[in-house]
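> need coordinates for the following:
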Amino acid sequence: MNKRIALTQLMALALLAVSGSVLAQDNTFKIGMVLPLTGPFASTGKQLEAAAKLYMAQHGDTVAGKKVQLIIKDDTGTPDTTKRLVQDLVVSDKVQVLAGFGLTPLAFASAPIATQSKTPMVVMSAATSSITAASPYIVRTSFTVPQVITILADWAAKNNIKKVVSLVTDYAPGVDSEKYFAEQFTKQGGLVMEKLRVPLRGPDFAPFLQKVRDAKPDALFTFVPAGVGSSLMKQFAERGLDKAGIRVIAEGSVTDDDILDGMGDVALGVVTTHHYSAAHDSAMNKQFVEAYGKANGGARPNFMAVGAYDGMRVIYEAAKSSKGAGGDALLQAMKGQSFESPRGPMQIDPETRDVIQNVYIRKVEKINNHLWNTEFQTFTAVKDPAKAKP
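Have a look, this model is predicted:
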């Protein structure tokens, strides 16, 4: 019976591949958005959902003469669930485009379905470099870990940081962070004294942070997923690493705007690199932050939100160009898009389908009694350095 069901599903996908992502018969343009709305990564899903809905509220629910239908599914952050939901969205709902994907394993689980059905898949959050290589139908509007980490390593080496201990979450973006930071930092003469990895689910940082304190590095280099930074910084303070003079340098997810204000003074002075801060000084970003707050009870948008907001822009503009068609026509219309975002200028690389954007070095500062990631240096038009390697 299971084999029969699996064969039926494969046949359905094959039919979709032949027809090139079949259009809905009711004159709608369907976006299937798969997000972790419950479970340990729910904050990620809620930011993505809120920003997608904000874009639709501002730009309307029709495109190319078709009614836009946003179909949102909760995958709880579980790859098997993501795969099942994506298959249902393609086969049963006949969506023109897939979107969301809060974590790397969820994007990887969905990639084969996007390929088989020729359905464009806009990754709005997941950041492992190799994601776009998993399917020719993937387009990314978030960022890649190597984009931001290599810049952080260079900054550290130039700012009197000679020895670090690396502490990352043990899944693909964490491994990317560990690898690319160590490679770039050691090229500049720095020393990575130890490499520590913590579990993705239910991490207890205390024993790892004790190892960091015992090693006495100049700084702790760290990466954890969005929403987990509060726990890390709390235990950092409890273990007295701040009093021991150990600095924190991090990938920007650690000082996630959504939770930064609640971290307390232990976060002050933390230096990070990232592609977006709610404090980014542009008229467009100020309008975005204000609109997001009004629509979401005063909440502050984070980098997940801007990934979804820009992802919806890419989808809408591509749908206009393809006259509401899906499949290859929609994909081609996504490639090469270039526009101003709340994060600054960005472009979808027509060759890699990855994002080219500014990367900022930021420091956590207190302004008007609130904590912000204040940008103090900008690197323009940064491509993913991992894809530049032979």
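> could you pull up phi and psi at residue 290?
Taking degrees, to the nearest 10, you get phi -70, psi -50 for the backbone angles of residue 290.
> do you know how far residue 353 is from residue 117?
When C-beta to C-beta, to the nearest Å is applied, the distance between residue 353 and residue 117 equals 17 Å. For the C-beta atoms, the positions are set from N, CA and C on the backbone; glycine is no exception.
> out of the two, which sits in the busier spot?
A side-by-side neighbour count of residue 353 and residue 117, using other C-beta atoms under 10 Å, places residue 117 first with 30 against 24.
> what about the residue nearest to residue 241 when sequence neighbours are not counted, which SS state?
The shortest distance from residue 241 to any residue other than its chain neighbours is 5.4 Å, reached at residue 213 (C-beta to C-beta, 6 or more residues apart in numbering). Look at residue 213: counting by DSSP: H, G, I helix; E, B strand; the rest coil, its state is helix.
> pull the contacting residues for the spatially most central residue of the chain.
Taking C-alpha atoms, centre = their mean, the centroid of the chain lies closest to residue 125, which sits 2.6 Å from it. With C-beta atoms under 8 Å, 6 or more residues apart in numbering as the criterion, the residues that contact residue 125 are 44, 48, 100, 101, 102, 103, 142, 304, 307, 308.
> next one: residue 85
34, 73, 75.
> which one (most neighbours) among the residues you listed?
Ranked by neighbour count under the definition other C-beta under 10 Å, the contacts of residue 85 are headed by residue 34 with 30 neighbours.
> is it fair to say that one lies in a strand?
Yes - counting by three-state DSSP, residue 34 is part of a strand.
> can you name the element that comes right after the helix or strand hosting residue 307?
When elements are assigned from DSSP states H and E, residue 307 belongs to helix 303-321. Past helix 303-321, further along toward the C-terminus, the next helix or strand under DSSP H and E is helix 327-334.
> what about that following helix, average pLDDT?
Mean pLDDT, computed over helix 327-334, is 98.
> list the buried residues in it.
In terms of neighbour count (16 or more other C-beta atoms under 10 Å), helix 327-334 has its buried residues at 327, 329, 330, 331, 333, 334.
> isn't the third one up against residue 96?
Yes - between residue 330 and residue 96 there is a contact at 6.3 Å, judged by C-beta atoms under 8 Å.
> so which elements touch the helix holding residue 307?
strand 28-35, helix 42-59, strand 62-63, strand 97-100, strand 121-123, helix 283-295, helix 327-334, strand 338-341 (3 or more C-beta pairs under 8 Å, 6 or more residues apart in numbering; DSSP states H and E).
> can I get it as PDB, trimmed to CA atoms?
Extracted C-alpha coordinates of helix 303-321, given in PDB (Å, rounded to 0.1, in the frame of the first residue of the first chain):
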ATOM      1  CA  PHE A 303      16.500  39.600   9.200                       C
ATOM      2  CA  MET A 304      14.000  36.800   8.800                       C
ATOM      3  CA  ALA A 305      11.300  39.500   8.200                       C
ATOM      4  CA  VAL A 306      13.300  41.400   5.600                       C
ATOM      5  CA  GLY A 307      14.000  38.000   3.800                       C
ATOM      6  CA  ALA A 308      10.300  37.400   3.500                       C
ATOM      7  CA  TYR A 309       9.400  40.900   2.600                       C
ATOM      8  CA  ASP A 310      12.000  41.000  -0.200                       C
ATOM      9  CA  GLY A 311      11.100  37.500  -1.200                       C
ATOM     10  CA  MET A 312       7.500  38.500  -1.800                       C
ATOM     11  CA  ARG A 313       8.700  41.400  -3.900                       C
ATOM     12  CA  VAL A 314      10.700  39.000  -6.000                       C
ATOM     13  CA  ILE A 315       7.700  36.800  -6.500                       C
ATOM     14  CA  TYR A 316       5.300  39.700  -7.300                       C
ATOM     15  CA  GLU A 317       7.600  41.300  -9.800                       C
ATOM     16  CA  ALA A 318       8.400  37.900 -11.500                       C
ATOM     17  CA  ALA A 319       4.700  37.100 -11.700                       C
ATOM     18  CA  LYS A 320       4.000  40.400 -13.400                       C
ATOM     19  CA  SER A 321       6.800  39.700 -16.000                       C
END
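> could I get the buried residue list for that helix?
Residues of helix 303-321 classed as buried under the neighbour-count rule (16+ other C-beta under 10 Å) are 303-319, 321.
> kindly report the same for stretch 263-271.
By neighbour count with 16+ other C-beta under 10 Å, stretch 263-271 contains the buried residues 263, 266, 267, 270, 271.
> repeat for stretch 84-96
Of the residues in stretch 84-96, those scored as buried under the neighbour-count criterion (16+ other C-beta under 10 Å) are 84, 85, 86, 87, 88, 89, 90, 91, 94, 95, 96.
> turn these into JSON lines, columns for distance to residue 165.
Conversion of the buried residues of stretch 84-96 to JSON lines gives the following (distance: C-beta to C-beta, whole Å):
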{"residue": "84", "distance to residue 165": "40"}
{"residue": "85", "distance to residue 165": "39"}
{"residue": "86", "distance to residue 165": "38"}
{"residue": "87", "distance to residue 165": "42"}
{"residue": "88", "distance to residue 165": "44"}
{"residue": "89", "distance to residue 165": "43"}
{"residue": "90", "distance to residue 165": "44"}
{"residue": "91", "distance to residue 165": "48"}
{"residue": "94", "distance to residue 165": "50"}
{"residue": "95", "distance to residue 165": "45"}
{"residue": "96", "distance to residue 165": "47"}
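> off-centre distance for stretch 287-307?
16 Å (C-alpha atoms, centre = their mean, to the nearest Å).
> ends of that stretch, how far apart?
In terms of C-alpha to C-alpha, to the nearest Å, the two terminal residues of stretch 287-307 are separated by 16 Å.
> buried ones in that stretch?
By neighbour count with 16+ other C-beta under 10 Å, stretch 287-307 contains the buried residues 288-289, 291-292, 295-296, 299-307.
> before we move on, what about stretch 31-40?
31, 32, 33, 34, 35, 36, 37, 39, 40.
> the nearest residue to residue 190 once chain neighbours are set aside: neighbouring residues, count only.
Of all residues not flanking residue 190 in the chain, residue 157 sits nearest, at 5.0 Å (C-beta to C-beta, 6+ apart). Counted with other C-beta under 10 Å, residues neighbouring residue 157 total 18.
> many thanks, have a good one.
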